[in-house]
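Student: My questions are about this predicted structure, shown below with the sequence.
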Amino acid sequence: MSRSKTVVRQTLIGEAGIALIHKRVTEMGYLFHPRRVDHGIDGHIDLVDPGSGAVLNLVLLVQSKASGLPYSYETETSFQYTCSEADLNYWLSGNAPVLLVLSHPDSEQAWWVDVRAEFSDARRRAERSVVVDKQRQVFDASAASHLLRMAMPRDSGLFLTSPPKKETLTSNLLPIVTMPPVIYVAPSAATTYPAAGELLAGRQGAVGGWMLRDGMVISFTDLAEEPLNSLRAGDVELHETTEWASSDELDTQYRFMDLLARALAADHRGDLRWHNDRKHLHFRATADLGPRREGKADGRRGHTVFGPHSSKTDPDAIGFYRHAALMTRFRRFDGRWHCQLSPDYCFTSDGWTEHRHADALLAGIKRLDRHAAVAGWTRTWATYLTRPADLFAAERALGFGALATFEVDRGIDDRLWGPAPAQTAAEDPEGSATTAAVDAGLAAAGVDAADLLALDDDGPDDDAPPPKVDTRPKTRRRTGPRGARTGKRA
């Protein structure tokens with residue numbers, strides 16, 4: 001039997017504390033505006049001229065701390081309250097005046113504390129405690145004049161820092177957890193990559209990641225063995241990978257980054273193809289040019305990483321094929337190498353040849369991409385690259401861990417963001433011209449902008465249990481003139 005949701009007593013006490021503040025502020029003749037998202041400030045007070053009723057443009061931030069139990073050392077005349085370090089740091093982080101209201105809602109008792117005045121020096125701030133005089137600091141109509149002295153003009157640039165919120169950030173950095181222990185270096189028998197390709201043509205064996213640099217051939221795969229032995233023109237030197245990985249010499253770092261990139265491409269050459277002009281890897285077309293999906297994990301069905309799009313002008317024809325693509329950059333942080341994932345797209349006319357309107361298609365889909373789409377594609381690529389190799393596939397040079405995450409002490413609650421104003425659209429002539437050019441390119445390709453995201457389907461898992469269907473028999477209803485229902489309800 002499922003458990004129903006419950007409301008704890010402290011939640012009710014907190015709501016009652018806010019209601020009591022609202023009541024007392026109204027009695028003072030002021031206006032209280034509560035916040036429904038509480039991050040150290042529960043609302044603000046707008047002060048009003050008691051004679052004319054005019055709003056004075058004076059504002060005061062309010063934080064409520066309600067309790068159903070006595071405060072520390074509480075007597076009939078006083079008590080002590082100790083602020084949390086996080087709260088106090090937040091309240092004092094800007095120039096805005098903060099009113100702390102301590103209350104016992106059950107007995108409708110409340111008291112006020114001027115936070116900035118009480119913690120004006122370093123010693124008091126370090127102690128974080130305040131003694132409240134229950135007669136002098138009662139929060140009722142008699143406190144109106146005190147609030148008037150505390151408040152500041154609304155237009156004086158009032159601010160606090162970002163609300164205190166611990167947050168876990170997921171990066172686009174994929175840590176390398178395994179790599180070959182040795183790097184092989186030898187004089188090269190070819191000076192260019194096309195020439196090296198001719199030397200490898202027709203040879204048997206797996207071709208691992210290798211590179212040419214300064215007359216040398218460099219590889220994670222043994223250059224003394226087939227097929228890479230055809231690329232060397234001298235003896236092979238062995239270097240420990242850790243020497244290159246930990247080197248502070250820029251040239252060595254650049255060589256190592258290049259070697260890692262080529263090793264990644266070689267590890268997945270059966271699935272991924274290098275686009276030399278775009279400088280990215282993209283998924284190859286399937287044998288039957290049908291869709292392919294990747295990134296299925298954790299209740300997500302992933303993305304279609306290759307698939308056809310029908311032509312708008314001729315539904316029976318294929319307008320273009322879209323390939324998920326990835327630009328990578330290898331970077332070292334805190335002594336550990338990571339692969340930085342930057343999702344991209346590739347558009348072809350037949351699964352191989354780049355589409356003649358590829359630039360417009362790419363610009364159009366980039367214009368539509370938002371954070372959620374980029375994050376989804378990043379997860380898809382991370383899932384693909386960390387998936388265990390097939391038992392019959394060659395051993396991969398590089399092994400990756402989960403996307404790197406970071407704990408931060410500050411964050412922004414997404415609920416605090418409002419919708420973007422309409423005027424944020426690009427207004428400069430150059431931006432308008434670029435948009436017009438992209439739209440013209442999409443029109444020439446026979447594509448609607450919305451169609452570009454049609455394959456972005458990182459939704460619920462296809463294998464998830466289907467929704468429950470009500471199989472109870474339905475009572476048929478006869479329909480009279482103008483659709484009036486004449487049957488009786490079951």
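Tutor: Structure's in. What do you need? Numbering: from 1, shown residues only.

Student: Distance of the nearest residue to residue 70 once chain neighbours are set aside relative to residue 137?
Tutor: Excluding the flanking residues, the one nearest residue 70 by C-beta to C-beta, 6 or more residues apart in numbering is residue 79, at 7.1 Å. Placement of C-beta: from N, CA and C, glycine included. As judged by C-beta to C-beta, to the nearest Å, residue 79 and residue 137 stand 10 Å apart.

Student: Please export the C-alpha coordinates of the longest strand that the chain contains as PDB.
Tutor: As assigned by DSSP state E, the longest strand anywhere in the chain is strand 318-333. The C-alpha coordinates for strand 318-333 follow below in PDB (Å, rounded to 0.1, in the frame of the first residue of the first chain):
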ATOM      1  CA  ILE A 318      15.000  11.900 -48.600                       C
ATOM      2  CA  GLY A 319      15.800  15.500 -48.100                       C
ATOM      3  CA  PHE A 320      19.000  14.800 -46.100                       C
ATOM      4  CA  TYR A 321      20.600  12.500 -43.500                       C
ATOM      5  CA  ARG A 322      21.500  13.800 -40.200                       C
ATOM      6  CA  HIS A 323      24.600  12.400 -38.300                       C
ATOM      7  CA  ALA A 324      25.300  13.100 -34.700                       C
ATOM      8  CA  ALA A 325      28.900  14.500 -34.500                       C
ATOM      9  CA  LEU A 326      31.400  15.200 -31.800                       C
ATOM     10  CA  MET A 327      34.300  17.700 -31.600                       C
ATOM     11  CA  THR A 328      36.800  16.700 -29.000                       C
ATOM     12  CA  ARG A 329      39.700  18.400 -27.200                       C
ATOM     13  CA  PHE A 330      41.900  16.600 -24.700                       C
ATOM     14  CA  ARG A 331      42.900  18.600 -21.700                       C
ATOM     15  CA  ARG A 332      44.800  18.000 -18.500                       C
ATOM     16  CA  PHE A 333      43.400  19.100 -15.100                       C
END
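
Student: for it, packing partners?
Tutor: helix 250-267, strand 280-283, strand 303-310, strand 336-348, helix 371-386 (3 or more C-beta pairs under 8 Å, 6 or more residues apart in numbering; DSSP states H and E).

Student: State the helix or strand in which the residue nearest to residue 70 lies.
Tutor: Using DSSP states H and E, residue 79 sits within strand 78-82.

Student: mean confidence for that strand?
Tutor: For strand 78-82, mean pLDDT rounds to 96.

Student: in it, what's buried?
Tutor: For strand 78-82, the neighbour count (16 or more other C-beta atoms under 10 Å) marks 78, 79, 81 as buried.

Student: which residues are contacting that strand?
Tutor: With contact meaning C-beta atoms under 8 Å, 6 or more residues apart in numbering, strand 78-82 is reached by 65, 70-74, 100, 102, 113, 128-134.

Student: and the longest strand of the chain, which strands flank it?
Tutor: strand 280-283 (antiparallel), strand 303-310 (antiparallel), strand 336-348 (antiparallel) (DSSP bridges).

Student: Can you flag the weakest of those strands by average pLDDT?
Tutor: For those, where the average pLDDT is lowest is strand 303-310, sitting at a mean of 91.

Student: Tell me what angle it forms with helix 371-386.
Tutor: If you take axes from the mean of the first three to the mean of the last three C-alpha atoms, to 10 degrees, strand 303-310 sits at 110 degrees to helix 371-386.

Student: Only the buried residues of strand 303-310, if you could.
Tutor: Per 16+ other C-beta under 10 Å, strand 303-310 contains these buried residues: 303, 304, 305, 306, 307, 308, 309.

Student: ok, now which ones touch the third one?
Tutor: The contact partners of residue 305, taken as C-beta under 8 Å, 6+ apart, are 283, 292, 293, 294, 295, 323, 324, 380, 384.

Student: and which of those residues is nearest to residue 263?
Tutor: If you rank the contacts of residue 305 by distance to residue 263 using C-beta to C-beta, residue 384 comes first, at 16.2 Å.

Student: ok, so what distance separates the closest one from residue 34?
Tutor: Counting by C-beta to C-beta - residue 384 and residue 34 are separated by 47 Å.

Student: still on that earlier bit, as a markdown table, the helices and strands packed on strand 318-333 with distance to residue 215 would be great.
Tutor: As requested, the helices and strands packed on strand 318-333 are exported to a markdown table (distance: least, C-beta to C-beta, whole Å):
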| stretch | distance to residue 215 |
| --- | --- |
| helix 250-267 | 13 |
| strand 280-283 | 27 |
| strand 303-310 | 39 |
| strand 336-348 | 26 |
| helix 371-386 | 33 |
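
Student: right, and these - which one's nearest residue 188?
Tutor: helix 250-267 (13.8 Å).

Student: Quick check: which helices or strands does the helix or strand immediately after the closest one in the chain pack against?
Tutor: Remark: after helix 250-267, the chain's next helix or strand is strand 272-275, criterion DSSP H and E. In terms of contacts (3+ C-beta pairs under 8 Å, 6+ apart), strand 272-275 is packed against strand 280-283.

Student: Where does pLDDT dip in the stretch 301-450 of the chain?
Tutor: 391-393, 410-435, 437-438, 441-450 (pLDDT under 70).

Student: tell me the pLDDT at residue 57?
Tutor: 89.

Student: Give the full set of residues in contact with it.
Tutor: Here residue 57 is in contact with 153, 154, 155 (C-beta under 8 Å, 6+ apart).

Student: change it to 6 Å
Tutor: When the contact criterion is C-beta atoms under 6 Å, 6 or more residues apart in numbering, the partners of residue 57 are 153, 154.

Student: Which element, helix or strand, includes it?
Tutor: strand 55-66.

Student: For that strand, list every residue counted as buried.
Tutor: For strand 55-66, burial by neighbour count (16+ other C-beta under 10 Å) applies to 56, 58, 59, 60, 61, 62, 63, 64, 65, 66.

Student: again, but for stretch 395-410
Tutor: 396, 397, 398, 399, 400, 403.

Student: Spatially, which two of those are the most separated?
Tutor: It's 397 and 403 that sit farthest apart of these, by C-beta to C-beta, at 20.2 Å.

Student: packing partners for the longest helix belonging to the chain?
Tutor: The single longest helix within the chain, with elements called by DSSP state H, is helix 9-28. Judged by 3 or more C-beta pairs under 6 Å, 6 or more residues apart in numbering; DSSP states H and E, helix 9-28 is in contact with strand 31-34, strand 55-66, strand 98-104.
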